[in-house]
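Peer 1: Prediction below, plus the sequence it came from.
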Amino acid sequence: MAIPITLIPGDGIGPEITDATVRVLEHTGLDLAWERAAAGAAAAVEHGDPLPAATIESIERTRVALKGPLATPVGEGYRSVNVSLRVRFDLFANVRPAHTMRPGGRFERVDIILIRENTEGLYSGVEHYVKIGADDRAAAESVALVTRAGAERIIRFAFEHAVARGRRKLTLVHKANILKLSQGLFLDTGRRIAAEYVGKIQFEERIIDAMAMQLILTPETFDVVVTTNMFGDILSDEIAGLVGGLGLVPGANIGERAAIFEAVHGTAPDIAGQGIANPGAQILAACMMLEHIGQEGCARTIRAALDQVVREGWTLTRDLGGTATTREFADAIIARMT
Ligand code: NAD
């Protein structure tokens, strides 16, 4: 039976890299029933809504979406559709795997899965100004909200993800030495859950500032990492930098009711429409999606072909130092899929 999947091509380079990704996926022979859906700036123009009801209904039905990047207006304008989707479907886990694909770089043997809590922490959106004397905005406070339930579900998710992916170690990153209550609750929850995984997954703790340094000094010693929202936001970009930037880094936003897979990069307006964007991150996002729906074999085939293309270095897009087009890069992957 065909597997239904919501496909949101998105803005900028989104449609180009999505087309390339769909071609690669179709080559696996899997029967995927794509439900094309609109979101982002193009949807705002065409449908008068950056997140049309039909798109939400499709994700509610399929529970799995592959999404291209969406343009978000800065300052003024509509709310980020990415944030709306995260809130709407309670996508509490942000998963970003990154591994060294190109030999000869500064950081070899990096292979880290960063798992970030996506709904609480300093990004929970609880903020207000404090009036002092006549000054309405004399101070501003942002609440770093950590709930026991929120900490439990992300840490448990991280342990389960580590087990499912055959990983050995989970590093919990925190700042409980200073933020004794909120970060302390996160750390205590981690320690408690870790006891259930003794013998299966090794558990260690790192303070965020030390972690930022150790990621540069000894990135190969980290395996799966779990942390709160803002630390995860920052560390995930640092880790992307270790493996050569955003061009080959995918991400997943996962909840109980739905999961949305995407490249980590944005719409790349400077090269949109030229057919030269690197579809690699979107293809890797599709691989995460295949693993999520139990099609690990197909994901392995695509990953191996993509790895080979990048390692050989003959058919690379411009961001990776080559001259290939999006289509040629995808064709090279297809040619190596056995
Ligand atoms: P960006 O990631 O779009 O671009 C940064 C640089 O990287 C550009 O020079 C671009 O050409 C290059 N680049 C990005 N992806 C590439 C690819 N696949 N192949 C080759 N080069 C690539 O970041 P930005 O310019 O800060 O953001 C542009 C827009 O994208 C903004 O509207 C932003 O809100 C949006 N955005 C969306 C998402 C998302 O939907 N998940 C994520 C990040 C940014």
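Peer 2: Yep, it's here. This one's a predicted model, so the numbers in the text were calculated from it and none came from an experiment.
Peer 1: Just the local confidence number for whichever residue of the stretch 201-338 of the chain sits closest to the ligand, please.
Peer 2: Nearest to the ligand, among the residues of the stretch 201-338 of the chain, is Gly266, at 2.5 Å (Cβ to the nearest ligand atom). Bear in mind the C-beta positions are built from the backbone N, C-alpha and C, glycine included. For Gly266, the model assigns a pLDDT of 93.
Peer 1: Also Gly75?
Peer 2: Per the predicted model, pLDDT is 63 at Gly75.
Peer 1: interface residues of the stretch 201-338 of the chain facing the ligand?
Peer 2: Selection of the stretch 201-338 of the chain residues close to the ligand by Cβ under 6 Å from any ligand atom yields 246-247, 262, 265-271, 277-278, 281, 319.
Peer 1: how about the strands of the stretch 151-300 of the chain, start to end?
Peer 2: All strands of the stretch 151-300 of the chain, identified by DSSP state E, counting those that start in this stretch, fall at 169-174, 202-207, 224-227, 250-254, 259-263.
Peer 1: Can you list the strands that the shortest one pairs with?
Peer 2: Pointing back at strand 224-227 there. Paired strands of strand 224-227, with direction, are strand 111-117 (parallel), strand 169-174 (parallel) (DSSP bridges).
Peer 1: doesn't Pro69 make contact with the residue of the stretch 201-338 of the chain closest to the ligand?
Peer 2: Yes: Gly266 lies in contact with Pro69 (Cβ atoms under 8 Å); the separation is 4.8 Å.
Peer 1: what do those two both touch?
Peer 2: Common contacts of Gly266 and Pro69, defined by Cβ atoms under 8 Å, 6 or more residues apart in numbering, comprise Gly12.
Peer 1: Distance of the residue nearest the centre of the chain relative to Thr18?
Peer 2: For the chain, the residue nearest the mean C-alpha position is Gly251 (1.9 Å; Cα atoms, centre = their mean). The spacing between Gly251 and Thr18, counted by Cβ to Cβ, to the nearest Å, is 15 Å.
Peer 1: and what of Leu70?
Peer 2: In terms of Cβ to Cβ, Leu70 sits 12 Å off from Thr18.
Peer 1: Find residues that contact each of the two.
Peer 2: By Cβ under 8 Å, 6+ apart, the residues touching both Leu70 and Thr18 are Gly10.
Peer 1: returning to what we had before: pipe the strands of the stretch 151-300 of the chain into JSON lines and attach distance to Arg137 per row.
Peer 2: Formatted as JSON lines, the strands of the stretch 151-300 of the chain follow (distance: least, Cβ to Cβ, whole Å):
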{"stretch": "strand 169-174", "distance to Arg137": "31"}
{"stretch": "strand 202-207", "distance to Arg137": "32"}
{"stretch": "strand 224-227", "distance to Arg137": "31"}
{"stretch": "strand 250-254", "distance to Arg137": "33"}
{"stretch": "strand 259-263", "distance to Arg137": "36"}
